[in-house]
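Asker: sequence and predicted structure are below.
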Number of protein chains: 2
Amino acid sequence: MNNSGIERVRSTEIAAHIGKRVELQGWLHAVRRLGGVAFVIVRDGWGMAQAVAEEAGQLASIVDGEVQPESVIRLSGIVTEAPQAPGGVELHQPEVEIVTPVTEPLPVLIGKKEIKAALNTQLDHAVFVNRHPTRRAVFRLGAGVMSAFRAHLDGCGFTEIQTPKLVASATESGANVFAVDYFGQKAFLAQSPQFYKQAMVGVFERVYEVGPVFRAEPHDTTRHINEYVSLDVELGFIENHFTVMDVLRNVLAHIFASLNGRYTAELALTGAQLPTVPASIPHIHFADAQELILKLHGVDVRGEPDLSPQDERWLGEWAQQEHGSDFLFVTGYPMAKRPFYTHPDLTRPGYSNSFDLLFRGTELVTGGQRLHRYADYQAALAERGLSEELFASYLETFRYGMPPHGGFAIGLERLLMQLIGAPNLRLTTLFPRDLNRLTP
Amino acid sequence: MNNSGIERVRSTEIAAHIGKRVELQGWLHAVRRLGGVAFVIVRDGWGMAQAVAEEAGQLASIVDGEVQPESVIRLSGIVTEAPQAPGGVELHQPEVEIVTPVTEPLPVLIGKKEIKAALNTQLDHAVFVNRHPTRRAVFRLGAGVMSAFRAHLDGCGFTEIQTPKLVASATESGANVFAVDYFGQKAFLAQSPQFYKQAMVGVFERVYEVGPVFRAEPHDTTRHINEYVSLDVELGFIENHFTVMDVLRNVLAHIFASLNGRYTAELALTGAQLPTVPASIPHIHFADAQELILKLHGVDVRGEPDLSPQDERWLGEWAQQEHGSDFLFVTGYPMAKRPFYTHPDLTRPGYSNSFDLLFRGTELVTGGQRLHRYADYQAALAERGLSEELFASYLETFRYGMPPHGGFAIGLERLLMQLIGAPNLRLTTLFPRDLNRLTP
């Protein structure tokens, strides 16, 4: 109840109050005039609702344009069925109180279905433009993905961890890390929680983390940002990478089922196309994938150590045609292109127990089985000319008993990008960081 | 099922399988000999269970000490009721398979109830020592706190956000921030998500974030770490800071109720004393608190701009004696000691609409109402001699319509420290970062 004794309700809940006067609290989203009638759209934290000013004088300050869009208002009215209105209801006999007026022109107009501004303008004004219904639907889907990810793993005996982002040495290669001045010492921002999540398999067997990762990659493309949210999983007592792939399949199935059930409005606003996750996601070995590309497209990529974006698109098309699947596991990537902790395929020299998951022809997840024996780590580091000393803390995990284990990492923004078909990864995160952008 | 067709169960679930042979997969935690019988304790990701070797030859390699503690094992046995055993069951007729043997001495012994090693030794070997049942119980409680925090807020219409940790300017003061080399530009690590969570009130009205924050405070005390997990909340359309305090009260009540119901073993292991959260937490104004201290303890702290740790202890004692409460809100801190975005108490010049929550005589949470009008921000910055330009992106939020709003931040580690009575904050986080520690 507010001070005047009228119940405050969310815009998404007014249909439950037909015939009663309720109050909305939110932002003046837009005003549309139609004949002698004016529709005043209020946006609150959850959705939008419309009030109708049917007589001269009602909501005069708003209808006359004296109150600018984005002004904060409290608006009350009698909830009335109106089949033509969004949500089937609207507010009649409206009264308004202006809480915080906006007195200067808006940097970008956000009261229409589309935002008509260049990408850079939108990003420059993200603190404001993120209010647009379609923009915020993307972020709400992101929240839904994180929530479903955690809920599923909690139910499978996983423990959530939070590992340090300030680290003494680079996780994988030493390249592409941001350096930090740490009380006069040189520190780095973690590229991934890889080392820590492996150590925590020794503690909880099954762990996950949702947190920021930092990549100092100097790439200015539509598919790169330099800080993103990583959904990390690691688990022990696996048979091999196929155990990990099963866990990933179930995580994704739960995420999409959860979005489907609970985020109908956001899926509609963003035009997201939810995939169906097959009971068993088809998989193909890296070498067989290269043979397939030769056979289907006449391009010989055999011997290449990795798949190109074009290769991935072709494989995605094949998965769709052959298996009716939006998803395809490519397994067994060459050891040469995988990090030193990757477990080799003992039956097929040169190949690894690793995988990528392609979603609609683009890599969405990378994962695999890791080495778990200390001696194997020593050999792997020596082979790559890396010093054991640099990895002393990490290696300690393996000196004192580790089971076969593996895991994967899903990039939250990448998942959202492919789900909603965004043209640029920057549109899937609140305040993107890239080569040229540190603000807002 | 494993390869041999015996069901793999977690140590915490074996009581549901009495009379059946089950397999545990985990670590050899300890061996205890009692007369002619040996008890072999297996620790897995969830708890511990014991197997009994009653005859010579059973589990010989383990009983004879050939297999060292922390070796990874699969151990099967017939689940048998045993009232004297932990959990009331134990495994008989055991058989073992060694998965990964440990072949070198352990850096710290973790098979006993207490860890007998200096704090620094424990922290140096955290990747290993975190396996100790009591250590990991602390981290499991931490996961429980995060989970309950989110669940409660999700149920109250809050949206989870993830905001950037790489920022262009310091959040509050410019002091105590870590500098990052960002492609040749100078960036900083966020001290808090304060500015972003306020901006996101303009988008979702109610938001929360769980994530790392970074404080370059050069303090070497038992109560400081330089990277910690902050549980942040911000909400709009509040009356004043008392609205925020109500939300905080309910968040804490839900967290402790959830721990009480779901983390019995961890609470027992850590010796945590769960508080009762009163239906209404008592509150006292800052100025009245100073008067009270004069009256009760004869110490005149009136005029001091902040409370000392001793003041907080006295107030904690008073809350306990007068109200039977582990919690006490102190409200109205002087504006001089609060950040520039703090909303003043318009009825009491010099004081603010802010609060601290004391838990057992120590500050646990800081929060309050923020300014929401652009002109007020301009005035506040001018008064402190801060340039508007430095805060241009932040200010944009307030130029385009913001409601009265406020929020708070709970330090996860601080909460755990006070809950379990830890002597050092470093013992409440997986891999602490301090003035001298960047590894593991």
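Answerer: That came through fine. Numbers count the residues shown, from 1 in each chain, chains lettered A, B, ... in the order given.

Asker: as a quick check, tell me the outermost residue of chain A.
Answerer: Distance from the C-alpha centroid of chain A peaks at A:A56, with 46.8 Å (Cα atoms, centre = their mean).

Asker: how about the contacts made by the residue in the stretch 201-350 of chain A positioned nearest to chain B?
Answerer: Nearest residue of the stretch 201-350 of chain A to chain B (Cβ to the nearest Cβ) works out as A:E205 at 2.8 Å. Backbone N, C-alpha and C define where each C-beta goes, glycine included. For A:E205, the contact set (Cβ atoms under 8 Å, 6 or more residues apart in numbering or on different chains) comprises A:G157, A:L235, A:G236, A:F237, A:P403, B:G26, B:D44, B:G45, B:W46.

Asker: how does it look with 7 Å?
Answerer: Each residue near A:E205 by Cβ atoms under 7 Å, 6 or more residues apart in numbering or on different chains is listed here: A:L235, A:G236, A:F237, B:D44, B:G45.

Asker: next, format these as TSV and append neighbour count, pLDDT and distance to B:E70.
Answerer: Below are those laid out as TSV (neighbours: other Cβ atoms under 10 Å in any protein chain shown; pLDDT from 0 to 100; distance: Cβ to Cβ, whole Å):
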residue	neighbour count	pLDDT	distance to B:E70
A:L235	26	98	19
A:G236	27	98	14
A:F237	20	98	15
B:D44	23	98	13
B:G45	26	98	14
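
Asker: determine which two of those are furthest apart.
Answerer: Greatest spacing in the contacts of A:E205, by Cβ to Cβ: A:L235 and B:D44 (12.4 Å).

Asker: sorry, back to before: mind checking which of the contacts of A:E205 land in strands?
Answerer: Judged by DSSP state E, the subset of the contacts of A:E205 located in strands is A:L235, A:G236.

Asker: distance to B:E7 added to the contacts of A:E205, as JSON lines?
Answerer: Shown next, in JSON lines, are these (distance: Cβ to Cβ, whole Å):
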{"residue": "A:L235", "distance to B:E7": "18"}
{"residue": "A:G236", "distance to B:E7": "18"}
{"residue": "A:F237", "distance to B:E7": "14"}
{"residue": "B:D44", "distance to B:E7": "14"}
{"residue": "B:G45", "distance to B:E7": "17"}
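
Asker: where does chain A have low pLDDT?
Answerer: For chain A, the stretches with pLDDT under 70 are A:1-4, A:170-174.

Asker: near chain B, which residues of the stretch 51-200 of chain A show up?
Answerer: Taking Cβ under 7 Å from any Cβ of the partner chain as the criterion, the stretch 51-200 of chain A approaches chain B at residues A:70-72, A:99-100, A:102, A:104, A:106, A:125, A:127-128, A:130-131, A:136, A:140, A:143, A:146-147, A:154, A:157, A:159-166, A:168, A:178-183, A:185, A:187, A:189, A:196, A:199.

Asker: buried ones among these?
Answerer: A:70-72, A:99-100, A:102, A:106, A:125, A:127-128, A:130-131, A:136, A:140, A:143, A:146-147, A:157, A:159-166, A:168, A:178, A:180, A:182, A:187, A:189, A:196, A:199 (16 or more other Cβ atoms under 10 Å in any protein chain shown).

Asker: next, count neighbours for A:V9.
Answerer: Counted with other Cβ atoms under 10 Å in any protein chain shown, the neighbours of A:V9 add up to 19.

Asker: please disregard the earlier target; I meant A:V37.
Answerer: A:V37: 13 neighbours (other Cβ under 10 Å).

Asker: next one: phi and psi at it?
Answerer: phi -110, psi 150 (degrees, to the nearest 10).

Asker: what about it, distance to chain B?
Answerer: 25 Å (Cβ to the nearest Cβ, to the nearest Å).

Asker: separation between the closest residue to that residue other than its chain neighbours and A:G87?
Answerer: Spatial nearest neighbour of A:V37, excluding adjacent residues (Cβ to Cβ, 6 or more residues apart in numbering or on different chains): A:E54 at 5.6 Å. According to Cβ to Cβ, to the nearest Å, A:E54 and A:G87 sit 19 Å apart.

Asker: ok, the two, which is more surrounded?
Answerer: Neighbours were counted for A:E54 and for A:G87 using other Cβ under 10 Å; A:G87 has more, 16 against 11.

Asker: re the thing from before, my read: the residue nearest to A:V37 touches A:F39, true?
Answerer: No. The criterion here is Cβ atoms under 7 Å, and A:E54 misses it with A:F39 at 10.2 Å.

Asker: count of neighbours near A:G298?
Answerer: Neighbour number of A:G298 under other Cβ under 10 Å is 7.

Asker: ignore the last one, A:S280
Answerer: Close neighbours of A:S280, defined as other Cβ under 10 Å, add up to 12.

Asker: same question, the one 5 residues further on
Answerer: A count of neighbours around A:H285, defined by other Cβ under 10 Å, yields 18.

Asker: got phi/psi on it?
Answerer: Torsion angles, degrees, to the nearest 10, at A:H285: phi -70, psi 150.

Asker: what residues are up against the nearest residue to it once chain neighbours are set aside?
Answerer: In space, and not counting its chain neighbours, A:H285 is closest to A:G332: 4.7 Å by Cβ to Cβ, 6+ apart. Shown in contact with A:G332 (Cβ under 7 Å, 6+ apart): A:H285, A:F286, A:A287, A:D345, A:R348, A:Y351, A:S352.

Asker: kindly report the same for A:A253.
Answerer: Contacts of A:A253 (Cβ under 7 Å, 6+ apart): A:V277.

Asker: partner strands of the helix or strand where A:Q25 lies and their direction?
Answerer: Assigned by DSSP states H and E, A:Q25 belongs to strand A:21-34. Applying DSSP bridges to the sheet, strand A:21-34 is found paired with strand A:7-8 (parallel), strand A:37-43 (antiparallel), strand A:72-81 (antiparallel).

Asker: and the helices in the stretch 51-200 of chain A?
Answerer: Assigned by DSSP state H, counting those that start in this stretch, the helices in the stretch 51-200 of chain A fall at A:60-63, A:119-124, A:126-129, A:133-154, A:194-204.

Asker: which one of the ones you listed lies closest to A:F359?
Answerer: helix A:133-154 (13.0 Å).

Asker: what about the closest one, distance to the chain center?
Answerer: A distance of 7 Å separates the centroid of the chain from that of helix A:133-154, by Cα atoms, centre = their mean, to the nearest Å.

Asker: number of nearby residues for A:G5?
Answerer: Per other Cβ under 10 Å, the neighbour tally for A:G5 reads 8.
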